[in-house]
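>>> Predicted model and sequence below, questions to follow.
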Amino acid sequence: MTLGKIKGIASAMLSGALIVAMAGCGTTDSSESSASGTSGAGATPSAYDVSGISKDDSIASLVPSYIAKDGKLTVGMDTSYAPAEFLDSDGKTPIGYDVDLVNAISKVLGLTPDPQTATFDSIIPSIGTKYDIGVSSFTVTKERSEAVDFVTYFKAGMTYAVQKGNPQKVDATDLCGIKLGVQTGTTEEEEANSANKACTDKGKDAIDVQSYKQQTDVTTALVTGKVDALYADSPVTGYAIEQTGDKLQKLGEDQGVAPQAVAIKKGDSATDQAIQQAIQKLIDDGTYTKILKAWGAQSGAIEKAEINPTASE
């Protein structure tokens, strides 16, 4: 999640608004996907129809035997990060543009996608053992690049959100003294902690950084007033604002636009090549753009998938 990328009565109500009746960020072209056929508020795109995508034998041949032997591509995902990856109204089925991309990549590789829900901070340590790859809005950072290989597929910045009308008068340029909600293990959490240190070093009030395991809980905390602001990937913040109706608003401009990538076992060059070529094929044939467009996330599109790009700090 970027430099990065809803529980009580209040939580139940919010979960209903954000999960059971998700609204799409953008419109869905029914001729290009198997979306519900509706658009705008209250419409959630369904899984992109990957049935027309064929296996590419030359790319599939790159997949190492330890992955290919069971015919599955096991993927670690934190399914609380709409619209990238989250659970459908049945509370079990992963959906989102990351999920659709994984399904498409799997078709190119001739594998069956097996997305598995995990907490965000547990995924990278489990790549190569529990999961074949991780796809969960991972921003490419120096620290993460020391643990896993990366193949880029998206770009996103970071954005603050506050309650509608900004009742706590939060200033995005001076967060000292506020309660800030972030998801555990994200770059937003790292940056919030760095900003807090800067505040205390200057003798100002500390930032009360409140970390939550799931992004939906961060949004709940803001809606219910437990925090004064949240900090998350720009597409995630935008989606949360839309799902809560008139309860939240964006604060300030997007910051630190950076690549997000598939996490792969460190040094597994064969899988690096297979994933890179599969993503590039989907970019070149237009499938990639159609998937992002269905979720209103086309602003994060890239033109070239790269293996282990230069990492941010």
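Arrived safely, thanks for sending. Being a predicted model, the structure only gives us computed values, none of them experimental. Numbers count the residues shown, from 1 in each chain.

>>> For stretch 156-168, buried residues please.
Buried residues in stretch 156-168, counted by 16 or more other CB atoms under 10 Å: 156-163. From N, CA and C alone the C-beta is placed, and that goes for glycine too.

>>> Kindly indicate which of the residues you listed lies nearest Gly134.
Gly134 lies nearest to Ala156 out of the buried residues of stretch 156-168, by CB to CB, at 16.2 Å.

>>> returning to what we had before: in strands, which of the buried residues of stretch 156-168 appear?
Per DSSP state E, strands hold the following members of the buried residues of stretch 156-168: 156-163.

>>> would you turn those into JSON lines with pLDDT?
Below are those laid out as JSON lines (pLDDT from 0 to 100):
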{"residue": "Ala156", "pLDDT": "91"}
{"residue": "Gly157", "pLDDT": "90"}
{"residue": "Met158", "pLDDT": "92"}
{"residue": "Thr159", "pLDDT": "92"}
{"residue": "Tyr160", "pLDDT": "96"}
{"residue": "Ala161", "pLDDT": "96"}
{"residue": "Val162", "pLDDT": "98"}
{"residue": "Gln163", "pLDDT": "98"}
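
>>> Which two of those residues have the greatest separation?
Largest pairwise distance in these, by CB to CB, is 23.1 Å, between Ala156 and Gln163.

>>> I'd assumed Gln276 was in contact with Leu62.
No. Judged on CB atoms under 8 Å, Leu62 makes no contact with Gln276 at a distance of 9.3 Å.

>>> So between the two, which is more surrounded?
The neighbour count for Leu62 versus Gln276, taken as other CB atoms under 10 Å, is higher for Gln276 (24 against 19).

>>> Give me the domain ranges for this structure.
Split into domains by automatic domain parsing, the chain comes to 9-156+258-300, 158-256.

>>> from the middle of its chain, how far away would the longest one be?
Offset of domain 9-156+258-300 from its chain centre (CA atoms, centre = their mean, to the nearest Å): 9 Å.

>>> Equivalent analysis for the shortest one, please.
Averaging C-alpha positions (CA atoms, centre = their mean) puts domain 158-256 17 Å from its chain's average.

>>> and if you look at stretch 154-169?
So, by CA atoms, centre = their mean, the centroid of stretch 154-169 is 16 Å from its chain's centroid.

>>> how about the CA coordinates for that stretch, as CSV?
The C-alpha trace of stretch 154-169 is given here as CSV (Å, rounded to 0.1, in the frame of the first residue of the first chain):
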residue,chain,number,x,y,z
PHE,A,154,0.1,0.1,-11.2
LYS,A,155,0.9,3.5,-9.8
ALA,A,156,-0.7,5.5,-7.0
GLY,A,157,-0.2,8.3,-4.6
MET,A,158,-1.3,8.9,-1.0
THR,A,159,-4.2,11.0,0.2
TYR,A,160,-5.7,12.3,3.5
ALA,A,161,-9.4,12.2,4.2
VAL,A,162,-11.3,13.9,7.0
GLN,A,163,-15.0,14.1,8.1
LYS,A,164,-17.1,16.2,5.8
GLY,A,165,-16.6,19.9,6.6
ASN,A,166,-13.3,19.1,8.4
PRO,A,167,-14.7,19.7,11.9
GLN,A,168,-11.3,19.1,13.6
LYS,A,169,-9.7,21.7,11.3
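
>>> on that earlier part again, closest to Ile133 among the ones in strands among the buried residues of stretch 156-168?
For these, the nearest to Ile133 is Ala156 (18.8 Å; CB to CB).

>>> Tell me what Met77 is bridged to.
Thr117 (DSSP bridges).

>>> average model confidence for the lengthiest strand in the chain?
Taking DSSP E as the criterion, the chain has its longest strand at strand 248-265. Taken as a whole, strand 248-265 has a mean pLDDT of 93.

>>> on contacts alone, who are the packing partners of that strand?
strand 133-139, strand 148-163, helix 215-223, helix 234-243, helix 269-284 (3 or more CB pairs under 8 Å, 6 or more residues apart in numbering; DSSP states H and E).

>>> and it, which strands flank it?
Partners of strand 248-265 in its sheet, by DSSP bridges: strand 133-139 (antiparallel), strand 148-163 (antiparallel).

>>> mind giving me a markdown table with these and columns for distance to Ala311?
Shown next, in a markdown table, are these (distance: least, CB to CB, whole Å):
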| stretch | distance to Ala311 |
| --- | --- |
| strand 133-139 | 9 |
| strand 148-163 | 8 |
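
>>> circling back: can I get the ones in strands among the buried residues of stretch 156-168 in JSON lines with distance to Tyr212?
Shown next, in JSON lines, are these (distance: CB to CB, whole Å):
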{"residue": "Ala156", "distance to Tyr212": "19"}
{"residue": "Gly157", "distance to Tyr212": "21"}
{"residue": "Met158", "distance to Tyr212": "16"}
{"residue": "Thr159", "distance to Tyr212": "17"}
{"residue": "Tyr160", "distance to Tyr212": "16"}
{"residue": "Ala161", "distance to Tyr212": "14"}
{"residue": "Val162", "distance to Tyr212": "17"}
{"residue": "Gln163", "distance to Tyr212": "17"}
